Each structure stands twice: as structure tokens, then as C-alpha cells.
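my questions concern the predicted model and sequence given below.
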Number of protein chains: 2
Amino acid sequence: MSQPRIVVLGAGTAGLKAAARARRLLPTAAITVVDRRSFISYDPCGLPYFLGGDVPEVEDLRRTNYGAIRDADWFARTREIEVLCGYEVLGIDRDKRAVSLRAVADESRHMLMYDHLVYALGSRPHVPDGIRPGAAVACGGSPDAIAALGAGLRTGEVDHVAVLGAGLMGLEIAGVLRERWQIDVTLVEAASQVLPAVLDPEMARLVEGHLRRAGVTLRLDAAVTSATTEQGRAQVVLEGGETLAADRAVVALGVRPETSLAAATGLALGDARGLVVDANLRTSDPDILAAGDCIELVHHVTGAIGVLPMGSLASRQGRVAGDVLAGRDAEFGAVVGSLAVQAADLNAAATGLTEHAAREAGFAVESAWGVFNDRSVFHPEQQKLYLKVVYEEGCQRLVGLQAVGLGDVTKRVDVFASLLRQDAALEDLLDVEWCYSPPFNAALDPLHGLAAAALNACGDPVGQHAPCADVDRCTVVDVRTVAEFEGDEASAWPEVTNLPLEDLRGRLADLPDGDVVVVCAKGPRSVEAARLIVARRGGRVRYLAGGVEFARFLR
Amino acid sequence: MSQPRIVVLGAGTAGLKAAARARRLLPTAAITVVDRRSFISYDPCGLPYFLGGDVPEVEDLRRTNYGAIRDADWFARTREIEVLCGYEVLGIDRDKRAVSLRAVADESRHMLMYDHLVYALGSRPHVPDGIRPGAAVACGGSPDAIAALGAGLRTGEVDHVAVLGAGLMGLEIAGVLRERWQIDVTLVEAASQVLPAVLDPEMARLVEGHLRRAGVTLRLDAAVTSATTEQGRAQVVLEGGETLAADRAVVALGVRPETSLAAATGLALGDARGLVVDANLRTSDPDILAAGDCIELVHHVTGAIGVLPMGSLASRQGRVAGDVLAGRDAEFGAVVGSLAVQAADLNAAATGLTEHAAREAGFAVESAWGVFNDRSVFHPEQQKLYLKVVYEEGCQRLVGLQAVGLGDVTKRVDVFASLLRQDAALEDLLDVEWCYSPPFNAALDPLHGLAAAALNACGDPVGQHAPCADVDRCTVVDVRTVAEFEGDEASAWPEVTNLPLEDLRGRLADLPDGDVVVVCAKGPRSVEAARLIVARRGGRVRYLAGGVEFARFLR
């Protein structure tokens, strides 16, 4: 029996991974990968590190561990995979199982026959109509434009950059430009917060405060209507007419699945304009698999379908596609949407749904917040973590986690994600076994503390006051020590009484009358105090989740 | 109905946590905690950080986040828990439900009645008969002795320390003494490797090499028969008669459950001399709960029973005991034994069983090894991780993970632990969703690569050559680049041919005859090459798991 002819459209992460996996399992198959670009197989997530100077050349983003460049020659020599760079795909003839190509260099036409086709054309940067190339550089677009921006930074010619879009890529680039080059950076976002798809507003405030302190100018609620070039500089016009001038504009408004060819070919697309695939990554044509940013995925928590353009998922999908090409019954399952970003040294990560997204999806959810040390309190490298867990009312099934801080956020999010995929509940967070040693964690992991806080809040006579809720109109009892209270301007609530927890039992008479909100540094002491007040004095008593440490960012 | 009288024996992690949790759920219960020590509620895992100077005073190991000292007064004022320090428990009268006490200060006798008793006396350092106090300081024993050692380090009086026992605590202390104070440190261990309960020998070699390079003198296969003090210095005598002299000896030979009182009271003990408890932490007397280092636990992977004296588990058990005291049906489940240690800046962590322990427990297991970057290869802070996964033959169920390196080992171990608890298999590691961004991970997590390596090895015509196996007598084909090969003394196998993977397809004729072992830097290229050689030339071809990066530590 002759070996199959495999054609892969797209030499990005998913396509090349599928080709390499197929090669491993089918040593004598004919495997061809086609891409219209000549610069293939690089990691676009590395662009901020090139702009920041840690990566000297864009070319270094496609080096192997041992320094080889992953170009067409490398794939031919190490994998016996033919990569045709500079060939545009004109069409797919599904009846004849043929792909028609045009060479970018000389416009010559070619035809490739296939037994199996892998559609892995990925995504393209979303660049709205009013934004013109030139001074505006699109992330994920041509690496030449990014390289030119990098050169402008290195020569000092670029002194002010407007970053359009405060998503993952926009935040990373804004942070790195400011921290590394100390230039003016304006971060422009149409939503009223940064990372609107990743964080709830109060968690985003933590990131916004950090960026501002790092010197980034934030423009929220600022939709861009156009960006043009005038005398070599970028002119960004906002809704309402205001114009921002900068040396360059970087467009980081996300990506769209590259599926126009699929649509023209009659392959089924979903509502998010991604390819519809089954668990084996087969499209509506069983001879055609698809993988990477161009496909639609199932969200494990909601069951909803959508696109989630992440290199880590594309890579795993590539492996599955390669397995399926070789006749194996491999599957790519539902996803929980784990994401992480580092912006000016602040880490943020999330998995599952935000409270906002969960309500939009029709879930009845509750949330709990907490501020924790990421390792033992006495360890010199300990850092604060700000956490929010979202869970279903009643059954307390986990729905999502958001983590922000200078410390280790991804460990908590990665473990939480593995629980999400098991449909675990709050109680299950108490049973997680974590490595403990002071350099790595506290004796109880922050997620244990967060789950305990959430469980304590369920059906408790004392209620949680969300950190985002207005405390200024409440009667506040601050149960921190006098020393903690006095030095802290964040304690300046209009009506506040300082009654340290240590003294509270003997000073119940000093409590203000009526409803009170109890606050401490991070939350735990205020819970203790609130319980004590309810038990001994009664009344409506709440505690401020996350304490003053959280609230200081929201005031 | 009157509120219960709760007595807790032991003011360590488990006992105080149980008391605090009971107080939260039972606001008016009478709660008394008894301890013969006056220095309570400190984290013994912090002792290395005191010795290293990061923690100025031993007292700081019992401070809250906000700086308060957790002493008897603090528990009384904040929790309304009575802590009786300096009271020794003489006996438990289970019929009368009474505990008899003797005050250490004045030998006065007292009696405490209880409705519920919590036995949480923890563990005591294991100090063999021949080791005399004085110059020999036991970890986990009196904090005064540790404080005195700390003072000796700070004054420069102590210039050479012998650390007896290369377990978790011994390694941390040896590392910190050497790194922080630059004194002579001799680490003495009866086994032929460090961390014998945590790592297999070849993984331990990585740690041993690091400690030696840091300047620690390692004495393996060296059992201690006695340690005495002569003229203020420690004299450590080894089996065979050799004497080691040092200014001080630190005894870190592990701990034993403190259960002599339980035995005298007739409570059931198990084979490991720990208290037998049910899932609700009830001892053989349903009025008596037990928690912490003194109880026996079930291992999730083996179902075996044993002690696992870890502060993180004690803390979680304390919460469960508090819940049960309040009438809740809380349970403490089986454990997987996650552990972590930092020794002279090298991180090591493990969960589940080592290959050695798995075979001892009767499992038919296989292993796979790999060397990976802990984040994107182009990220300036990336570090290497050395990993070993142990899994069951056939069903490929996960059995254990060991991780060593300068990078983030605990994230991988913590996620792996959550899979272990689900009885996951190798395939499931491919489905884990990790946060990806260059500062936090590679696009494919190391565990994905490790699982792929293990799965590739299953039923493959090319076989894995374990990094610990002898390669010196094999014909070696090194498929790294010429530049990688030539600069590297670890390439100096007796019979070695350098044939870079990039050139291999055209140079198959240059291969040596007969059986070969293919090596590269970390493993992946040698797998590719070995497959190619088997397909094109045949013969018995294996690849060296973990590559030269791993092997260089074993030569």
C-alpha cells in the first residue's frame, strides 16, 4: 500500500506540529506544508521580548533549544518535511483532493494532490478599517514591521508609542516598552478596564494601578476610530474626535480566525467564524482536519463554542491532528481557557470564567476574594497574591479563578484548571495537596485560604462586603493594630473606628451603633471580629473581603 | 444544652488549627490547649531561614502576617482559646474523660475534664542513642539550641558544621550554612544518596553534584554511631571508626510520632507507631480525635499506611478535626506525599512514589526522563528542569514524579499531584491545560514533553537507554551539531561518532556498525535520529533519555 500524501496549509505552530507528529508515526508518508510567508515557525508570544531587547533578533524567536533556525531547510533535513514558503493557497478542490497554489515571487501556479489535508492557517491580526499601516504596526502581522519598530527603539528614534488594545499582548508590550526603554507609552482601550476578557473590573484595577505607577499612561473607555501616518508619526483619533500623536502605534486588538479559504471551500464555520471540528479535529469534510487558531473549541465550564487563539493549545492540537492522520483515535477535549500575562513585572493569570462572563452565560454565581502571601510570611522573597474565585451558588461548583500579584500566580491557576476540568467544588480546594517548603508556598496554599473564606461566607450570619462595593458610606470598624491603622492613609474611611482584634472582646461597648463593616489588612481578622460582634452584640455585620490591602487599589 | 469542653493536647500546627476552627464553629465552647513547651506555634520549617539570617530571631517564626506573636496571650485575646504552656500531660483517663497534668515550673498536679479530646502531640526529632546533646543540636527540638547555634554563626565562633542526615531538613540547612556563612559544611548520610525517601539515585545525583559545586562536603554511605562533645566541639564517629570533628553537629535524622502517651492510654497504634485514625480523624476511642505528625495516613497510590510528618498536612488535618468537633462530617483523605526542598538554590520536588519505592511496593513500573526549559527558550530567566516520571507498565497509570532544577519545580509537581489523585494515566498529561506566556512556561509544558517521551517509548522499535545506565561500553552516535559536540567534555564517550541530525539522512553510511546508543543534548533529537536509523538501516538502536545534559551529572 502506498503511503498517504499529506498536505498542511499553514506553517505556524499547529501545522508544523501536525506535520512533525505525522512524520514520526508515518516514516514514509509524503508531507508538504504550504505557507505564503517566508518567515515561518516563530513564536509570536515572544515579540514583546524582542521589543524589550532580551531577544536580540526576531529570528531568534524561531530557534531550537540548541540554536538551529527552524526554517524550511531545517524541516527538510531533520524531519523530511517539505515546507513550501512563499506560496499562497488559491483554492481547495475537495472532489479532486487538490490544492491550487500561486508562488508569491513569480505568480506561477501549482497544484498539490492530497489524501489528507490539514487546515492550519491560524489567525490574522484584527486591524479595523480606519487603521492604516505605516506608523501602525500590527502584532502578529509581518515580523518586518516589528523588527523596524525594534530598530527605532534601539536607535532612540522612537520616544512615544501608543499601544492600541489592553489585552494580553497589548499589556505585555506596553509594560516592556516602558520598563526597558523608559519611553512614553500610552495604552488605549475601548473598554472601561484592561484585560476585559480575562479579569473582572476590580481585579483589573490592580493591574491598572501597577501600570500607572510604572509610568504607563492609561486611556480607558477610549475607542479608536482611525490611525494614520503624518510626517512619519502616528496620529490616533479616538471616538469623540480627540487625536493622540505618537511616534508609532502598535495594534494589539486581538486576532480573527483565518477562515476565508475554508468558507470559500464550503467547510462549515461556526458563529465565531472558526472552523467547526469534531473531537478528532475533523472538519465537515472528513478528509480535512483543522488545528490551531482557526478552529472553534468547546468551553468545559459553559459548553459554549468559541475561538481561543493560544499557541499552547495550537501546539497540542497539532499533535492530535498528527495522531489522527496516522489513524489513531486521538481527541482534543474541551478547554477551560487558562491565560497568563506579565505586564511591567506584575503577573496576572486566570482560568474558567470571570464573574461577569459567568453571569452573561446564565450562571448564578458568587465570588470570594482574598489577599495572601505566595510563600511563608518570613521568607524574604514572599509576595502578595490577590485572588478571586467564582463559583456556582448552591452546589458551589468552581467556575473560575483570577490571580494578580508579583508572586507566583500561574501555579495556582494551573492547579485550579485541573480541578475545573473535574467539575470540582469549593470543598475540593481544601483537599488539594501542595508541596510545602518556605521558598515555594505557605503551609496552606492561598487557594486553601480562599476556599475556606468562600465556604465560611456561605450561609454565614456575617456577610462578605465585596472589595469593589462602596465602603465610604458605611460605618467601618478597623480591627488592625493601632500601628497598622495609624500609618495607613487607606484607613481614611469617612466613619471609621479602630478597635484592634486583640482588644475587641474587652471593648465591645466601644463599637459604633448599627450596621458595621469590619476591615483588617487582608480579610481573616475581620471575619473573626465580625463573628464575635454578631455573637455578642448582634446587628447586621459584614467584613471587607480582601481587606485594606485590596481596597487601597480601588479607592 | 451546655457547650462542649474541648481539650487539645499539643500546641503545634494541628492542635492550634483544630482549636481555632472549633472556636469559629462553636463560639461558646470551652477550648483548652495544653503543651509542655513555652515556645509554641512556630513553623519548624523556618529554622533554616533563621540559621541563614533571613529571619532575625526564632521568635519571628511565630509571627502573624501583621507582626503579632502567636503566644498564649494572643490565642486568648483573639480566639478566646486558653493555651496552657508548660504543662506536661501525665495521663488520659478515658473512662472519666479527664487529662492529668503536671506543671513544669512547680510540679503541681492538675486535672482537665473533656467532652472531646484532640491528640496532637506531633513528633519528636529522631536522635539515636549514641548522639548526646551539647554540641549536637536536634532540628525540631528545643528552639533554644537552634538559637544558640544561630548566635555562634553570627559571632563567627562556628566555622564548621556537620549536618547528620541528608533528608529535606538536612539539605536545606547544609545549603543555607554554606551559602550564607561560607563555613565548612559536611553533610553525613547513611544511605548511598541524598534524599533517599524522595528521589531515585540518578535524580539524587543531580542534587549531590550541585551541593558539591556549592562547596558542601558530602559523606554518603556514612552511618553515624555516636556524636559527643569534646572541649566544646562535636566529635562524630562513623561506622568503621572514623571520627569527624566539627564545631557543631546538627541532627536532621527525621522525626518519630509522639505517641507514647497514646500507647499508654490504650489507643490503637499502627505499624509505623502512629495513631490509627478513621477518615474523620477519630482514634480507636470515638471521643478522641487525632491530627498532625502523630497520626498514620493512607497513601493514595499504594493504599499503604504510614506517617508523613508535614506541616502542610497537619494544618489541613487541624481544620478537619475542628469541623468534626463541631459535628460536621469532614474527612481527611488519602495523600500522595508531595514534597519540596531548596538546597543551595537548587530546587527539588516530588510526589507519589519513586521507581525504587514503587518496585518495593510490588508495582511493575517503567520510567521516562527528560530535560526541559521551565519557560520559553528565549526568555532570559529560563532554567533547566530535570524530570522523571514513573508509571505502571501496561495501563500507564501515573505513579510518581521527581523534578530537580534551578527553575519552577513545584508547579509541575503540584499539577501532577492533582492528576495522581484522579488515577490519571500518561495520556492525561497531554490534556492538561497550562497557562502559557514566555515568563511562565513554554508553549508545551515540560510535563507534556515528558509524557510524550514516555508514550513514544511504549512499544517503540527504538528503546530508551536510562540516564543511569552505563553508556561507556556502548557505541555512541552523538547527533548534536559539531559546535555543540566539540566544546563538550561530556561527549567524551570511549566510542563516539558525531553525526548531526541535520546531516544524518545523507550520511547513514557513516554510521558505526552494530548496536548503537544515540545521544543529543536533552533527548528529543536522539529519538528522531534513532527512529530514522531503525527505519533505514535497522539494528538495535536506543537513545539516551535526558541526553548529555543529564548524563554529565552521572559521569
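Nice, I can see it.

when you work out contacts or count neighbours from here on, use the C-alpha atoms and nothing else.
Fine.

and A:M1, what pLDDT?
A:M1 carries a pLDDT value of 47.

could you do the one 10 residues further on as well?
Reading off the per-residue confidence, A:A11 sits at a pLDDT of 97.

low-confidence ranges in chain A?
Along chain A, segments meeting pLDDT under 70 span A:1-2.

domain assignment for it?
Chain A resolves into domains spanning A:5-123+A:256-325, A:136-253, A:345-457, A:463-551 when parsed by automatic domain parsing.

nearest to A:E331, out of those?
domain A:5-123+A:256-325 (4.7 Å; Cα to Cα).

so which residues on the stretch 251-400 of chain A come close to chain B?
Residues of the stretch 251-400 of chain A lying close to chain B (Cα under 8 Å from any Cα of the partner chain) are A:311-313, A:315-316, A:332-333, A:335-342, A:349, A:377-380.

ok, now with 7 Å
Contacts of the stretch 251-400 of chain A with chain B, taken as Cα under 7 Å from any Cα of the partner chain, map to A:G311, A:S312, A:S338, A:L339, A:A340, A:V341, A:V377, A:F378, A:P380.

do the stretch 401-550 of chain A as well
A:410-411, A:414-415, A:417-418, A:432-438, A:443-444, A:501-503.

if we can go back for a sec, out of the domains of chain A, which gets nearest to B:I173?
Nearest of the domains of chain A (Cα to Cα): domain A:345-457, 12.7 Å.

mind checking the end-to-end distance for that closest one?
In domain A:345-457, first residue to last residue: 33 Å (Cα to Cα, to the nearest Å).

so where do the helices sit in the stretch 151-300 of chain A?
A:168-181, A:201-213, A:260-265 (DSSP state H, counting those that start in this stretch).

okay, those helices in JSON lines with mean neighbour count next?
Listed next are the helices of the stretch 151-300 of chain A as JSON lines, based on neighbours: other Cα atoms under 10 Å in any protein chain shown:
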{"stretch": "helix A:168-181", "mean neighbour count": "24"}
{"stretch": "helix A:201-213", "mean neighbour count": "19"}
{"stretch": "helix A:260-265", "mean neighbour count": "14"}
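
what's the closest of these to A:I295?
With Cα to Cα as the criterion, A:I295 lies closest to helix A:260-265 of the helices of the stretch 151-300 of chain A, at 10.6 Å.

dump the residue contacts of the closest residue to A:R375 other than its chain neighbours.
Using Cα to Cα, 6 or more residues apart in numbering or on different chains and skipping the chain neighbours, the partner closest in space to A:R375 is A:N441 (3.7 Å). Going by Cα atoms under 7 Å, 6 or more residues apart in numbering or on different chains, A:N441 touches A:D374, A:R375, A:S376.

turn these into CSV, columns for neighbour count and distance to A:R94.
Formatted as CSV, the contacts of A:N441 follow (neighbours: other Cα atoms under 10 Å in any protein chain shown; distance: Cα to Cα, whole Å):
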residue, neighbour count, distance to A:R94
A:D374, 27, 54
A:R375, 26, 57
A:S376, 26, 61
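
which among these gets closest to chain B?
Checking the contacts of A:N441 against chain B with Cα to the nearest Cα, the nearest one is A:S376 at 8.3 Å.

was I right to think that closest one contacts A:A442?
Yes - assessed by Cα atoms under 7 Å, A:S376 is found in contact with A:A442 at 4.4 Å.
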